[in-house]
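> Structural data only, the sequence is not supplied:
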């Protein structure tokens, strides 16, 4: 039996979560000043891991007992050996259709830290920076993909649901940037585009 007082107690001071969340990841949005100009710091993923060759921000899965900021600091240290990150705060989160929540944290990394970075070659092929101005001044290639539900095996009849039920179909813009020989796209591009938009607003 669920009692009202139990619910009242549990709701007091409860922090909002994400419905349907199964796996939580976090990435650092690393900013660095070079030659008087603000840059993003990126990683290129190593060939022997999932999504090889993709460009991304440092980050990974949040471990049990770890908060979002602890995760990005640990992952940044493990992946590229940078430990002196000035954390500016937690930014926005993305809930993906595969029930993964990606949290983001904004931080400042010094140029000297990048020069002395120790790359974990099992996970990272290289690191590089791109001026934030580049993404403000250059529009990406945009591909709009459909997000559909596969309901082939859905039990319509046994649950009294019409077989012609109109399932919602979503769309998602996929941004693709070319910077020299680097292709920066997907979730990473969505994150920094949103970050730039929010910073310009505020």
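Structure received. Quantities reported herein were computed from a predicted structural model and do not represent experimental measurements.

> in the top strand by length along the chain, what's buried?
Longest strand of the chain, by residue count under DSSP state E: strand 23-34. When neighbours are counted by 16 or more other Cβ atoms under 10 Å, the buried residues of strand 23-34 are found to be 24-32. No exception for glycine: its C-beta is placed from N, CA and C like everyone else's.

> repeat for stretch 64-84
For stretch 64-84, burial by neighbour count (16+ other Cβ under 10 Å) applies to 68-69, 71-77, 79-80, 82.

> Tell me the strands beside the longest strand of the chain, with direction?
When sheet partners are counted by DSSP bridges, strand 23-34 sits next to strand 37-45 (antiparallel), strand 59-61 (antiparallel), strand 100-108 (parallel).

> how about these, which one is nearest residue 18?
strand 100-108 (5.2 Å; Cβ to Cβ).

> low-scoring stretches of this structure, by residue?
Along the chain, segments meeting pLDDT under 70 span 21, 202.

> In contact with residue 179, which residues are there?
Residues near residue 179 by Cβ atoms under 8 Å, 6 or more residues apart in numbering: 130, 134.

> Report the separation between it and residue 192.
Note on residue 179: its distance to residue 192, by Cβ to Cβ, to the nearest Å, is 12 Å.

> before we move on, the earlier item: so can I have TSV of the strands paired with strand 23-34 showing distance to residue 4 and mean neighbour count?
Compiled in TSV, those are given as follows (distance: least, Cβ to Cβ, whole Å; neighbours: other Cβ atoms under 10 Å):
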stretch	distance to residue 4	mean neighbour count
strand 37-45	49	19
strand 59-61	37	18
strand 100-108	30	20
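
> beta partners for the most centrally placed residue in the chain?
The centroid of the chain falls nearest to residue 102 when counting by Cα atoms, centre = their mean (4.6 Å). Residue 102 has these beta-bridge partners by DSSP bridges: residue 25, residue 94.
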